[in-house]
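**Student:** One predicted model, sequence on top.
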Amino acid sequence: MFRAFASGAVVAGLLLGAGAALSQDFSARRISDDVRTISADEFQGRYPGSAGERMTLAWLQSQYEAMGLEPGGPDGQWLQPVRLERFTPVEGAASAGWTGPDGAVHPLIVGEDVTLRAATNDGQASIADAPLVFAGYGITAPERNWDDYGDIDVRGKVVVVVGGEPPGALFNGAYGTNYESGAYKADEAFRRGAVGLVTVVRHTADSPMWRRTTQFGSRTRTLTPGAADLEFAMAVNHDVALQWAAAAGLDIDGLTRIDSGAFKAVPLNGVTLSAEMRETSETLVTHNLLARIPGTERPDETVIYSAHWDHVGGEAQHPDSLGDKIFNGAWDNASGTAGVVEMARQLSRAPRPERSIVFAHMAAEEMGLIGAYGYVADPVYPLETTVADINIDMLPLSGPTRDVPIFGKGQTDLEDRLQALAAPLGRYVSDDGMPEEGFYYRSDHLPFARAGVPAIMPWHGWDWVEGGREAGEAAWRARFAAVYHKPSDEWSADWNLTSAVENLTLLYHLGLDLANSGDWPGWKPTSEFAQVRARTAPARQ
């Protein structure tokens, strides 16, 4: 077994042997101590808006002040406020119905036939007799030669789409893409001028899947900053969708053939939709914390290291078998928070880079990446000249590994740069090995990616130097099952942070190389985010 606290000098020596010049020495002991501090019971699980938030932010600020870094938030402050707008449906206030070509009105029971939410910031929705357009999956992917919309005009109309994305290798097979997300479909519909989005759930009204969908349709939700400002969002079951298609006189069998790429959106002629919805709202203000090393030559060009500081707090109604009710979040994500702080310590000791480096501690990731979305919706530094986001969420806890898994392999050439750094050490970049989890779309790098900023996140290696892949995968799965989002996710003195130090050292070089270069990492030609980045290309000339 390897010692829990391998010296950063060991890793430094390996890199020096490969010809890399270093000015850093990551300390596993220091990382462990920092995790222990902010995951202690006194921090109450670091829930946004709680005393645990205030303690966490104060601790972070004190670390950066001790390093001599400058505040990186708006107006020279450490903190960037993020408003959490939470909406709850008013009981009995929702109604919906559709009208056919014959003028007959067909009421829809909210919570049985459909789910309905006001998608606007004011929590109010009122739509009368809006025309419907069926747009297949609702995807426009020029890099895949795919366009469900075609030439149709959806301004002032309601777009009806099927959930998910086409099966097969064109859309990354088992790993999937951002196109399958409801957020993307809403953004695309809104960009084209639609007033509402209806998602067809491919299950009948009496199916368990549909019943589960309606079960959670009225729970309190947190609005994502920068989300598409549609009037409403609705889900319908397969039976309702077939009624609409039949009323419009469409070939139902033809509409099911939307996986070929040849389908183009069609109007549901004569079919209109009406909907009313009211929701109450409450606002919780939380905060991102940002620290900055200003660049010497191109300070307006920015490399970001990010990690979320929050966890899910304490839930008295769900204590574990020992009565522990605090979700300490030591691994998720006190470890990533400590990793970014340690990264800043090391980079603060290096010669100042040509580009700026920002250390961003994001709020409310566990609520839906809200802090990162809040930053992207109101960026402190222009996104078009943000070079990259290197996100750290849950440091690996193992001995040395041959592999350096990342989320989203095949997305950006950041992975090629990482591979070039790993190869001299006998290591290799791989995918995360768990396509069913959709990991690339579940952490704070995603809002940056959706805004076009190249983003990468390393993960836990399974290919152990001692024990191989079988032992590494088994150990990771056992730990994940035992502690992920449980009160048992607590700091332990026997954590092995050897792999964490290895990965942080690689990410140090990746970020510093980017900060001292004049080139721009980009997206792979098949990435769904390449078209977004291309829109701001003139800013990087």
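**Tutor:** All right, it came through fine. Numbers count the residues shown, from 1 in each chain.

**Student:** Can you name every helix or strand that the helix or strand harbouring G97 contacts?
**Tutor:** Using DSSP states H and E, G97 sits in strand 95-99. Helices and strands touching strand 95-99, by 3 or more CB pairs under 8 Å, 6 or more residues apart in numbering; DSSP states H and E, are strand 105-108, strand 266-293. Just so you know, the C-beta spots here come from the backbone N, C-alpha and C atoms, and that holds for glycine as well.

**Student:** quick one: buried residues of stretch 481-496?
**Tutor:** Across stretch 481-496, burial judged by 16 or more other CB atoms under 10 Å covers 483, 486-491, 495-496.

**Student:** now stretch 48-63
**Tutor:** Buried, per 16+ other CB under 10 Å, within stretch 48-63: 48-50, 52-53, 55-57, 59-61, 63.

**Student:** For the stretch 151-300 of the chain, give me the ranges with low pLDDT.
**Tutor:** Filtered on pLDDT under 70, the stretch 151-300 of the chain yields the residue ranges 253-256.

**Student:** Need phi/psi at the residue in the chain sticking out farthest from the centre.
**Tutor:** Distance from the centre of the chain peaks at D102, with 45.2 Å (CA atoms, centre = their mean). Main-chain torsions, D102, degrees, to the nearest 10: phi -80, psi 0.

**Student:** Return the distance of it relative to G261.
**Tutor:** Noted for D102: a distance of 35 Å to G261, by CB to CB, to the nearest Å.

**Student:** just I31 next, same as before
**Tutor:** With distances taken as CB to CB, I31 is found 48 Å from G261.

**Student:** ok, now D129?
**Tutor:** For D129, the distance to G261 - CB to CB - is 33 Å.

**Student:** Neighbour count: those two, which is higher?
**Tutor:** G261 (15 against 12; other CB atoms under 10 Å).

**Student:** wait, doesn't L268 sit right on A248?
**Tutor:** Yes: at 4.0 Å, L268 counts as touching A248 under the criterion of CB atoms under 8 Å.

**Student:** anything in contact with each of the two?
**Tutor:** Listed contacts common to L268 and A248 are L132; contacts here mean CB atoms under 8 Å, 6 or more residues apart in numbering.

**Student:** Between these two, point out the one with more neighbours.
**Tutor:** Shown here are L268 and A248; by other CB under 10 Å, L268 has more neighbours (24 against 18).

**Student:** quick one: contacts for the more buried one?
**Tutor:** 131-134, 160, 244-245, 247-248, 250.

**Student:** Show me these that map onto helices.
**Tutor:** Of the positions in the contacts of L268, 244-245, 247 sit in helices, assigned by DSSP state H.

**Student:** what's the closest of these to G468?
**Tutor:** A245 (53.5 Å; CB to CB).

**Student:** what's the burial count for the closest one?
**Tutor:** Residues lying near A245 (other CB under 10 Å) number 21.

**Student:** which SS state does H460 fall under?
**Tutor:** coil (DSSP: H, G, I helix; E, B strand; the rest coil).

**Student:** which non-adjacent residue is nearest it?
**Tutor:** P396 (4.2 Å; CB to CB, 6 or more residues apart in numbering).

**Student:** Check E366 too.
**Tutor:** E366 sits nearest to V312 (CB to CB, 6+ apart), 5.2 Å away.

**Student:** Is that neighbour in contact with A364, as I believe?
**Tutor:** No: applying CB under 8 Å as the test, V312 and A364 come out as separate, 10.5 Å apart.

**Student:** Between the two, which has more neighbouring residues?
**Tutor:** A364 (28 against 18).

**Student:** Quick check: the more buried one vs Y184, distance?
**Tutor:** For A364, the distance to Y184 equals 21 Å [CB to CB].

**Student:** ditto for L60
**Tutor:** For L60, the distance to Y184 equals 32 Å [CB to CB].

**Student:** do W520 as well
**Tutor:** The spacing between W520 and Y184, counted by CB to CB, is 24 Å.

**Student:** now swap in D300 and tell me
**Tutor:** Distance from D300 to Y184, by CB to CB: 29 Å.

**Student:** quick one, which of the two is more surrounded?
**Tutor:** Neighbours were counted for D300 and for Y184 using other CB under 10 Å; Y184 has more, 21 against 13.

**Student:** Helix, strand or coil: sort out the more buried one for me.
**Tutor:** Here Y184 is helix, with the state taken from three-state DSSP.

**Student:** In contact with it, which residues are there?
**Tutor:** With CB under 8 Å, 6+ apart, Y184 has these contacts: 139, 178, 450.

**Student:** tally of neighbours for the second one?
**Tutor:** N178 has 24 neighbouring residues, counting by other CB under 10 Å.

**Student:** ok, now how distant is it from G270?
**Tutor:** 34 Å.

**Student:** cool, and the last one?
**Tutor:** With distances defined as CB to CB, the gap from R450 to G270 amounts to 36 Å.

**Student:** who has more neighbours, these two?
**Tutor:** Applying other CB under 10 Å to R450 and G270 shows that R450 carries more neighbours, namely 23 against 15.

**Student:** The contacts of Y184 into TSV, with extra columns for secondary structure and distance to E279?
**Tutor:** Listed next are the contacts of Y184 as TSV, based on DSSP: H, G, I helix; E, B strand; the rest coil; distance: CB to CB, whole Å:
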residue	secondary structure	distance to E279
I139	coil	29
N178	helix	27
R450	helix	25
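
**Student:** Looking at these, which is nearest A119?
**Tutor:** R450 (17.2 Å).

**Student:** The closest one and V376 touch, don't they?
**Tutor:** Yes: under the criterion of CB under 8 Å, R450 makes contact with V376 at 7.5 Å.

**Student:** Can you name the secondary structure element that comes next after the helix or strand hosting E53?
**Tutor:** Using DSSP H and E, E53 sits within helix 51-67. Sequence order places strand 70-71 as the next helix or strand after helix 51-67, per DSSP H and E.

**Student:** packing partners for that next one?
**Tutor:** Counting by 3+ CB pairs under 8 Å, 6+ apart, strand 70-71 packs on strand 266-293.

**Student:** What angle do helix 51-67 and the strand it packs on make with each other?
**Tutor:** Angle, strand 266-293 to helix 51-67, by axes from the mean of the first three to the mean of the last three CA atoms, to 10 degrees: 50 degrees.

**Student:** now strand 266-293: how far from the chain's centre is it?
**Tutor:** In terms of CA atoms, centre = their mean, to the nearest Å, the centre of strand 266-293 is set 17 Å apart from its chain centre.

**Student:** Just after it, pick out the following helix or strand.
**Tutor:** With elements assigned by DSSP H and E, the helix or strand that comes after strand 266-293 is strand 298-308.

**Student:** Any buried residues in that next one, and which?
**Tutor:** Buried residues in strand 298-308 (16+ other CB under 10 Å): 299, 301-308.

**Student:** Name the nearest of those residues relative to L284.
**Tutor:** Distances from L284 to these, taken by CB to CB, are shortest for H308, at 15.9 Å.

**Student:** Was I right to think the closest one contacts H361?
**Tutor:** Yes: between H308 and H361 there is a contact at 7.3 Å, judged by CB under 8 Å.
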